[in-house]
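Colleague: Here you go, sequence then predicted model.
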Amino acid sequence: MKIINCEQNTPEWYNSRVGIPTASSFSKILSATGKPSTSADGYANDIMSEVVAGKPLEGWSGNEWSERGKELESDAVAWYEFTNDVDTQAIGFCKSDNGLYGCSPDRLVGDDGMLEVKCPKGSTHLGYLLKNQLPTTYIPQVQGQLLVKKRKWCDFLSYHPDMPKLLVRVERDEEYITKLSAALASFHTILSAKKAKLIKLGYLTGEST
């Protein structure tokens, strides 16, 4: 595993992600139920467009809730550390051993754990509280992070400053991770085929990312 020590959401961080799928978008490759996603080909085009450009392209610029999440994340981490009497470690971008995919956990916890923080709007947070489990939409991301980092568990924290907090310990799901590993290998084949065609058409050189 390769760790790129950079602050998340900086130009260096965005550049480190060019050309490979990342855990936050693994749901576009494999669904939470372990079925292939119909979004895989489109996601491959997103990745290859950045390879052709040689840099990050149009990404999601966020909204008021994502900006609010960034502002509250440090408060959420502080709450987690105090409540659990632990220290956490910020980290940049992590690539798998083969360099074909990566992830950016919010924090590392000890030698075995991670922390994933979400700071949603009140109604979304309430829905998470009512279900009292890892929201389905985040299963590919969390299990993908456990795959890349080879860790045993991830604490999922949904944080709202004015409401009870949701903290869920998510263990490795080896069956799902096996399916995800296979799906990522198949996705790399798709990327390789698109790259070969772009080279053949003269839009890329063999040395491109």
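Modeller: Ah, there it is.
Colleague: if I read this right, residue 28 contacts residue 44, doesn't it?
Modeller: No - using CB atoms under 8 Å, residue 28 is not in contact with residue 44; the gap is 9.0 Å. (C-beta placed from N, C-alpha, C; glycine too.)
Colleague: Just want to know which of those two has more residues nearby.
Modeller: residue 44 (22 against 19; other CB atoms under 10 Å).
Colleague: I am assuming that one contacts residue 189, so please confirm or correct that.
Modeller: No - using CB under 8 Å, residue 44 is not in contact with residue 189, being 9.9 Å away.
Colleague: Residue 167: what's its closest spatial neighbour, skipping adjacent residues?
Modeller: Nearest residue to residue 167 in three dimensions, chain neighbours excluded: residue 157, at 5.2 Å (CB to CB, 6 or more residues apart in numbering).
Colleague: That neighbour should be in a helix, yeah?
Modeller: No - if the criterion is DSSP: H, G, I helix; E, B strand; the rest coil, then residue 157 is strand and not within a helix.
Colleague: Next, report how far stretch 162-177 is displaced from the centre of its chain.
Modeller: Stretch 162-177 has its C-alpha centroid displaced from the chain centroid by 14 Å (CA atoms, centre = their mean, to the nearest Å).
Colleague: can you list contacts of that stretch?
Modeller: Stretch 162-177 is contacted from outside by 34, 79-80, 83, 122, 125-126, 128-129, 132-134, 139, 142-143, 146-147, 151-159, using CB atoms under 8 Å, 6 or more residues apart in numbering.
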